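The following block contains a protein sequence and its predicted model.
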Amino acid sequence: MSTVQSGAAVQAARPAVLEEARRACAAAQEYLLRTLRRDHWRAELESNATITAEYVMLQQMLGLPRPPERTEGMVRYLSSRQKADGSWGIARNHAGDVSTTAETYLALRLLGLPVEDERLRRAERYVRAQGGLERVRVFTRINFALFGLFPWEAVPEIPAEAILLPAASPVNIYRLSSWARGTMVPLFIIFHHQPVFALPNGRSRENPWLDHLWLDPGNKNLPYRASFADTLRREGPGWKAFFNGSDGLLQLYARAQGLAPARWLRRAALRRCEQWVLQHQETTGDWAGIFPPMLNGVLALYLQGHALDADPVRRGLEAIEAFGWQDAEGFRVEACQSPVWDSALALIGMVDSGHDPRDERLARVTRWIESKQITEEYGDWKVYNPRGPPGGWSFEYANSWYPDVDDTAAVVLALLKQDPASRDRAVVRRGIDWMLSMQNRDGGWAAFDIDNDREFLNQIPFSDMDSLCDPSSPDVAGRVLEALGLLDDPRHQAACRRGLEYLRRTQEPQGSWFGRWGVNYVYGTSNVLNGLARMGVPASDPMVARALDWLVSVQNADGGFGEGLESYSDKALMGVGPSTASQTAWGLMGLLAYLPPEHAAVERGVAWLTERQLRAGEAAGSWAEEEFTGTGFPRHFYLRYHLYRHYFPLMALGRYCERARG
């Protein structure tokens with residue numbers, strides 16, 4: 001018998017549980033209102049130490065001044081993230097990483113720490129134990145080549161001429177994911193110039209400043225890919241062999257730059273790249289609202305002859321500075337900022353938990369969110385969706401080129417919940433129409449582009465993070481269907497049917513769904529179950545029953561839910577990990593989409609949240625959570641949204657209270 005259908009799993013509702021949930025909701029609402037930034041919410045979006053380390057590197061490259069208090073703040077922050085084994089990792093709840101450690105080590109040296117500092121000694125031992133700098137990933141090789149610490153010959157060839165390939169070509173910049181595109185176009189310029197900037201010991205294409213981190217500093221020109229022949233022998237013909245062979249040809253082409261035709265083509269490509277970078281810069285100075293394109297954009301324009309005080313470079317540097325975060329832990333730089341996402345989800349949490357939607361404070365948030373709708377008739381999404389009407393929302397303060405489906409669905413949900421009458425307003429209709437136009441041919445939805453699913457591109461030698469594509473993902477599709485279900489417009493039936501078919505195909509054998517943007521199967525399964533419930537899919541549907549059974553089966557003994565980052569590498573670990581506030585809320589909302597509030601699994605989840613809510617101090621009303629439960633790139637880059645531990649539990653408890661009231 002199914003776990004969720006077992007009569008033994010249901011008990012009489014306990015008034016004490018409901019009363020505690022109501023109390024917790026009230027305290028959580030008060031916390032959110034205390035942290036409101038007049039008309040929107042935004043908390044820190046924490047990543048790993050490499051973002052701050054690369055900020056330090058940019059300062060060194062451009063000779064930018066650094067106040068002593070800023071230096072001390074960065075040293076304090078970076079030191080606080082070092083692990084016991086001397087390493088730095090891609091997340092607090094993850095093992096050390098040699099590339100992250102190497103970049104942080106370089107940053108601390110640039111900030112003035114001597115080699116003899118015990119923190120650096122421990123980091124040195126870790127790097128050497130992992131195989132030395134020979135083991136770092138391609139992006140770290142590039143960052144080190146900029147200082148002569150790695151030979152430029154030891155990084156993949158990335159020709160600027162790629163910008164000239166038309167959109168109709170099987171491989172071109174618009175076939176790359178939006179984040180890869182925004183990072184790589186300025187990199188084309190950087191790779192052409194192959195600059196070497198000075199370190200404290202001077203400027204050299206073979207700088208020995210970090211030779212002690214190499215096992216064999218006399219042999220730095222190490223291959224970053226297998227040869228074409230070796231690839232064929234080991235893996236046979238395929239995309240990896242094709243791209244590895246092509247890389248060798250591109251190296252030959254790079255050596256031909258002295259010839260007139262190649263020189264003319266390169267000049268044309270560099271002009272196009274520079275125009276692309278300038279065109280994609282926001283008036284605020286941002287590029288795509290994320291740090292890597294911003295850093296590369298500034299550096300590319302500088303190498304193309306734009307002075308530091310030239311308008312685009314100056315605005316770019318100001319935008320980077322706006323990503324700084326200073327508190328008692330020190331100074332660090334965010335990889336991105338999430339005001340639209342935080343505001344939409346916090347608004348949902350407030351309304352779900354029963355706060356008066358007419359409250360002027362919530363009305364201000366609603367107006368702010370609506371003001372961020374992107375109605376411009378441009379954006380990279382239009383390259384392959386030329387007939388799509390604008391109307392989406394982006395994640396950040398300024399990112400008009402890259403609205404995303406997940407944010408748009410969250411905003412539509414927030415607006416409909418805050419005011420059901422808004423279903424007939426133009427702002428909601430525009431958002432829905434844009435979202436529908438972005439449905440992929442497989443029936444699902446991705447984040448930023450339509451049909452951006454050419455995963456063979458991840459075989460390019462440059463891609464050692466498997467992140468060059470943006471295919472459909474169940475977590476995004478689930479949220480879109482939840483929004484469409486709440487709107488309940490019969491004109492969308494065909495799109496909804498295709499979406500449901502996509503989810504049916506992508507369910508894991510265990511009953512769960514993958515979470516691309518949140519960790520991991522608990523997140524994906526929760527999003528999908530909430531979408532299925534809004535679509536009217538019954539609990540008797542085998543797809544739903546299997547998902548609920550899986551959720552109940554991975555609930556921890558303490559009543560919470562948790563999942564480690566390792567589940568992205570090992571499916572045997574899906575749903576396995578210590579309980580966290582955000583993941584417990586996801587699991588609980590997934591259960592509440594179908595199960596009654598008196599179900600034992602539901603009440604245990606509610607009890608976990610109410611018992612662990614903070615009762616005193618500045619964070620009273622919120623929850624403690626150190627773990628990274630947000631995902632940038634699975635297996636490679638994770639995020640810690642500092643409000644995830646708050647608005648998701650508020651949503652879950654609010655929905656429990658609503659269901660318990662009947």
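On my side now, so go ahead.

in stretch 76-92, what's buried?
Within stretch 76-92, the residues that qualify as buried are 77-78, 81-83, 86-91, counting by 16 or more other C-beta atoms under 10 Å. Just so you know, the C-beta spots here come from the backbone N, C-alpha and C atoms, and that holds for glycine as well.

same check, this time on stretch 361-380
362, 365-366, 368-370, 372-374, 379-380.

Only alpha carbons, please: show that stretch as PDB.
Output of stretch 361-380 as PDB, limited to C-alpha atoms (Å, rounded to 0.1, in the frame of the first residue of the first chain):
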ATOM      1  CA  ARG A 361       3.700  48.100   2.500                       C
ATOM      2  CA  LEU A 362       2.800  45.100   0.300                       C
ATOM      3  CA  ALA A 363       1.200  47.500  -2.200                       C
ATOM      4  CA  ARG A 364       4.500  49.300  -2.500                       C
ATOM      5  CA  VAL A 365       6.300  46.100  -3.100                       C
ATOM      6  CA  THR A 366       3.800  45.200  -5.800                       C
ATOM      7  CA  ARG A 367       4.200  48.500  -7.500                       C
ATOM      8  CA  TRP A 368       8.000  48.100  -7.400                       C
ATOM      9  CA  ILE A 369       7.900  44.700  -8.900                       C
ATOM     10  CA  GLU A 370       5.500  45.800 -11.700                       C
ATOM     11  CA  SER A 371       7.900  48.700 -12.500                       C
ATOM     12  CA  LYS A 372      10.600  46.100 -13.200                       C
ATOM     13  CA  GLN A 373       8.700  44.400 -16.000                       C
ATOM     14  CA  ILE A 374      10.800  44.300 -19.200                       C
ATOM     15  CA  THR A 375       8.800  45.700 -22.100                       C
ATOM     16  CA  GLU A 376      11.600  46.600 -24.400                       C
ATOM     17  CA  GLU A 377      11.600  45.000 -27.900                       C
ATOM     18  CA  TYR A 378      15.100  43.700 -27.600                       C
ATOM     19  CA  GLY A 379      16.900  41.000 -25.700                       C
ATOM     20  CA  ASP A 380      19.000  37.900 -26.700                       C
END
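
Contacts made by that stretch with the rest, please.
Residues from elsewhere that reach stretch 361-380 (C-beta atoms under 8 Å, 6 or more residues apart in numbering): 33, 36, 38-41, 174, 178, 181, 340, 343-344, 346-347, 350-351, 355-356, 390-394, 400-403, 411, 414-415, 418-419, 427, 430-431, 448-449.

Check stretch 307-319 too.
Contacts for stretch 307-319 (C-beta under 8 Å, 6+ apart): 62, 64, 278, 281-287, 294, 297-298, 301-302, 306, 398.

Alpha carbons of it, as PDB, please.
In PDB, the C-alpha atoms belonging to stretch 307-319 read as follows (Å, rounded to 0.1, in the frame of the first residue of the first chain):
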ATOM      1  CA  ALA A 307      40.500  54.500 -20.500                       C
ATOM      2  CA  LEU A 308      39.600  53.800 -16.900                       C
ATOM      3  CA  ASP A 309      37.700  57.100 -16.700                       C
ATOM      4  CA  ALA A 310      35.900  56.500 -20.100                       C
ATOM      5  CA  ASP A 311      32.100  56.300 -19.600                       C
ATOM      6  CA  PRO A 312      31.500  52.500 -20.200                       C
ATOM      7  CA  VAL A 313      34.500  51.500 -18.100                       C
ATOM      8  CA  ARG A 314      33.700  53.900 -15.300                       C
ATOM      9  CA  ARG A 315      30.100  52.700 -15.200                       C
ATOM     10  CA  GLY A 316      31.200  49.100 -15.300                       C
ATOM     11  CA  LEU A 317      33.500  49.600 -12.300                       C
ATOM     12  CA  GLU A 318      30.700  51.400 -10.400                       C
ATOM     13  CA  ALA A 319      28.400  48.500 -11.100                       C
END
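
Relative to the whole chain's centre, how far out is that stretch?
Relative to the mean C-alpha coordinate of its chain, stretch 307-319 is positioned 26 Å out (C-alpha atoms, centre = their mean, to the nearest Å).
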